[in-house]
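J.: Model the following, please.
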Amino acid sequence: MSRILFASSEAAPLIKTGGLADISGSLPAALKSLRQGVRLVLPAYPQALQRIGKTRQRARLNISGDTVSLLEGRMPDSGVTVWLVDAPQHFDRGGGPYVDAEGNDWPDNAERFTLFCRVVVEIAMGRAGLKWQPEVLHCNDWQTGLVPALLSLERERPASVFSIHNLAYQGRFPYSTFEKLRLPAELWHYSGLEFYGDLSMIKGGLAYADRLTTVSPTYAQEICTPGLGHGLEGLLRYRCRQLTGILNGVDYSVWDPSVDPFIKAHYSAEHPAAKRRNKAALQKRLGLPVDADIPLLGLVSRFVEQKGIDLLLKAAPKLFGNEVQLVMLGSGERELERATKALAQRYPRQVAVCIGYDEELAHQIEAGADLFLMPSRFEPCGLNQLYSLRYGTLPVVHRTGGLADTVVHTDAQSLADGSATGFTFEHATAEELLGAIQQAIACYRKAACRKQVMQNAMAQDFSWKQSARAYLAVYRQAIQDAASG
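T.: Modelled structure (predicted):
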């Protein structure tokens, strides 16, 4: 195998709203380093066109009456070949990939990403004029879910793999949208795209791809249950033999305190002392009292219910009755944004909140905080806890999904066997979150405990090469499945 087409609706550093972008930027690069002929395809958003730099037109297609250009460029860091689907009427607009400047879903999202899927199918079938056809196609999340469904109607198609990054987002639309999109009628049935009378785009990937993956082993189990299956658990249980959980990796050329250009002072597991300089710089930048002895908690997150921000807000009165500081970076639901800003106003010497996303500040929080909070109700994989481990910023996490797979709770046994890397709590409640934070602070205040857990954490290796090899194994299985099917 040497020809892989990776289809995604976002990829860092070209366009990013969340972890999908990090994965879509890093996994193709890791595959390329393993001598795979990988190509990345994504929509030509204005941000992507600006950041990719030089491009050239490789093809022009007519897709359901829309004229589409395929522009070719290179990823800025890895040199991976990128094909941008240039359809200005669908992708050349302000706001984000999925929402407008006010945070509302684009009303034509179904049309936009159906067009994208149809272009991906043309590339996959070798009909796009590129003189290149993949052996395996890797699709990601609902925005590409129609691709495996449409490919199922083709002869001599490539193998397909579909990755679930967050099952809560499904691309669900009314039946009238299915009709408007003029999708093939044979795809409309209970084991196809139909979902309780609606069109489910993610179901196209789940039902028709040769192999399924998700972003952690624990999340692969969780989505097969009613609690986190979002109504699709029956289909996922039916396809469980084709479902594999593979942990996301970390690009340590970007996330490593020994080389990070965004932080005040470089440090490492062997030489950790300079971490305190980053703490002082972060406190100073955000207007908090500069004090090395006060435990500093960090949080970088979307402000949505899934992330458990409300649990932290409920724990705040008891938490800030103690000597502790908190820095928060993120955006999302307006109510949670207002509540976090109100928290900072109530505790101005203990809490700093920055609404929005700032890549530089995100790195500085990872390097400057003592503890990192991830109280997510569910978390398919999570990346910030992996960054925190490398930065020696001990994660405090709800034991779910990828958080359960990557953080080992600190107790007498894990300290004795050298496996302790952070702190976990079992149930998503404010009380258990507060208890875990208090445990973490108690360890932080004991130099020997803090030093040992930091060293354990910073020694963890979640690099992409290991994950990329696991994906290659799935690709080989998908090719065998497609050939025998």
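
J.: CA only for contacts and neighbour counts going forward, please
T.: Will do.

J.: Okay, buried residues for stretch 84-100 please.
T.: By neighbour count with 16 or more other C-alpha atoms under 10 Å, stretch 84-100 contains the buried residues 84-87, 90-92, 96-98.

J.: Can I get it in CSV, CA atoms only?
T.: In CSV, the C-alpha atoms belonging to stretch 84-100 read as follows (Å, rounded to 0.1, in the frame of the first residue of the first chain):
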residue,chain,number,x,y,z
LEU,A,84,-8.3,22.2,-1.9
VAL,A,85,-11.8,22.0,-3.2
ASP,A,86,-12.4,25.5,-4.5
ALA,A,87,-16.1,26.2,-4.7
PRO,A,88,-16.4,29.9,-3.7
GLN,A,89,-20.2,29.8,-3.5
HIS,A,90,-19.9,27.2,-0.8
PHE,A,91,-16.7,27.9,1.1
ASP,A,92,-15.5,31.4,0.4
ARG,A,93,-17.2,33.2,3.3
GLY,A,94,-16.4,34.7,6.7
GLY,A,95,-17.0,33.0,10.0
GLY,A,96,-15.8,29.5,10.5
PRO,A,97,-16.1,26.2,8.5
TYR,A,98,-19.4,25.3,10.1
VAL,A,99,-20.8,28.4,11.7
ASP,A,100,-21.2,32.1,10.9
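
J.: can you give me how far that stretch is from the chain middle?
T.: For stretch 84-100, the gap between its own C-alpha mean and the chain's C-alpha mean amounts to 20 Å (C-alpha atoms, centre = their mean, to the nearest Å).

J.: Check stretch 465-485 too.
T.: Its chain's C-alpha centre and that of stretch 465-485 lie 21 Å apart, by C-alpha atoms, centre = their mean.

J.: same check, this time on stretch 61-74
T.: Counting by C-alpha atoms, centre = their mean, stretch 61-74 comes out at 27 Å from the chain centroid.

J.: Counting neighbours, which bits of it end up buried?
T.: Going by neighbour count (16+ other C-alpha under 10 Å), the buried part of stretch 61-74 is 61, 68-74.

J.: Now do that stretch: everything it contacts.
T.: With C-alpha atoms under 8 Å, 6 or more residues apart in numbering as the test, stretch 61-74 has contacts from 52-60, 80-87, 115, 118-119, 128.

J.: among those, which are in helices?
T.: Among these, the members falling in helices are 52, 115, 118-119 (criterion: DSSP state H).

J.: So residue 11 sits against residue 18, correct?
T.: No: in this structure residue 11 lies outside contact range of residue 18 using C-alpha atoms under 8 Å: 9.3 Å.

J.: returning to that earlier point: out of the buried residues of stretch 61-74, name the ones that lie in helices.
T.: Residues of these located in helices (DSSP H): none.

J.: JSON lines for those residues, including distance to residue 102 and pLDDT?
T.: Output for the buried residues of stretch 61-74, formatted as JSON lines (distance: C-alpha to C-alpha, whole Å; pLDDT from 0 to 100):
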{"residue": "61", "distance to residue 102": "32", "pLDDT": "95"}
{"residue": "68", "distance to residue 102": "28", "pLDDT": "96"}
{"residue": "69", "distance to residue 102": "29", "pLDDT": "97"}
{"residue": "70", "distance to residue 102": "30", "pLDDT": "98"}
{"residue": "71", "distance to residue 102": "29", "pLDDT": "98"}
{"residue": "72", "distance to residue 102": "31", "pLDDT": "98"}
{"residue": "73", "distance to residue 102": "31", "pLDDT": "98"}
{"residue": "74", "distance to residue 102": "31", "pLDDT": "97"}
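
J.: which one of the residues you listed is nearest residue 391?
T.: Using C-alpha to C-alpha, the shortest approach to residue 391 within these belongs to residue 74, at 29.8 Å.

J.: Beta-bridge partners for that closest one, please?
T.: Here residue 74 shows beta-bridge partners residue 81, assigned using DSSP bridges.

J.: Mind giving me the ChimeraX select for the ones in helices among the contacts of stretch 61-74, buried ones only?
T.: Command for ChimeraX, covering only those of the ones in helices among the contacts of stretch 61-74 found buried under the criterion 16+ other C-alpha under 10 Å:
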select :52,115,118,119
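
J.: Pull the most distant pair out of the ones in helices among the contacts of stretch 61-74.
T.: Taking C-alpha to C-alpha as the measure, these reach their widest spread between 52 and 118, a distance of 23.2 Å.

J.: Distance to residue 31 added to the buried residues of stretch 61-74, as a markdown table?
T.: Supplementary listing: the buried residues of stretch 61-74 in a markdown table, determined by distance: C-alpha to C-alpha, whole Å:
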| residue | distance to residue 31 |
| --- | --- |
| 61 | 28 |
| 68 | 28 |
| 69 | 26 |
| 70 | 23 |
| 71 | 22 |
| 72 | 19 |
| 73 | 18 |
| 74 | 15 |
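
J.: Next step: these restricted to strands.
T.: Applying DSSP state E to those, the entries found in strands are 61, 68-74.

J.: Residue 137 looks like it's in a helix, true?
T.: No: the assignment for residue 137, made by DSSP: H, G, I helix; E, B strand; the rest coil, is strand rather than a helix.

J.: Number of residues surrounding it?
T.: Neighbourhood size, residue 137 [other C-alpha atoms under 10 Å]: 29.

J.: start at 29 instead
T.: Right, with 29 as the first residue, what we last looked at is residue 165.

J.: Surely it and residue 33 touch.
T.: Yes: with contacts counted by C-alpha under 8 Å, residue 165 reaches residue 33, the gap being 4.8 Å.

J.: So for the two, which residues contact both of them?
T.: Residues touching both residue 165 and residue 33 (C-alpha under 8 Å, 6+ apart) are residue 152.

J.: Which residues are in contact with residue 335?
T.: Contacts for residue 335 (C-alpha under 8 Å, 6+ apart) come out as 329, 402-407.

J.: Go through the buried residues of stretch 112-128 and name the one nearest residue 184.
T.: Nearest to residue 184 among these is residue 113, at 23.9 Å by C-alpha to C-alpha.

J.: Distance check, that closest one against residue 277.
T.: Taken as C-alpha to C-alpha, to the nearest Å, the spacing of residue 113 relative to residue 277 amounts to 27 Å.
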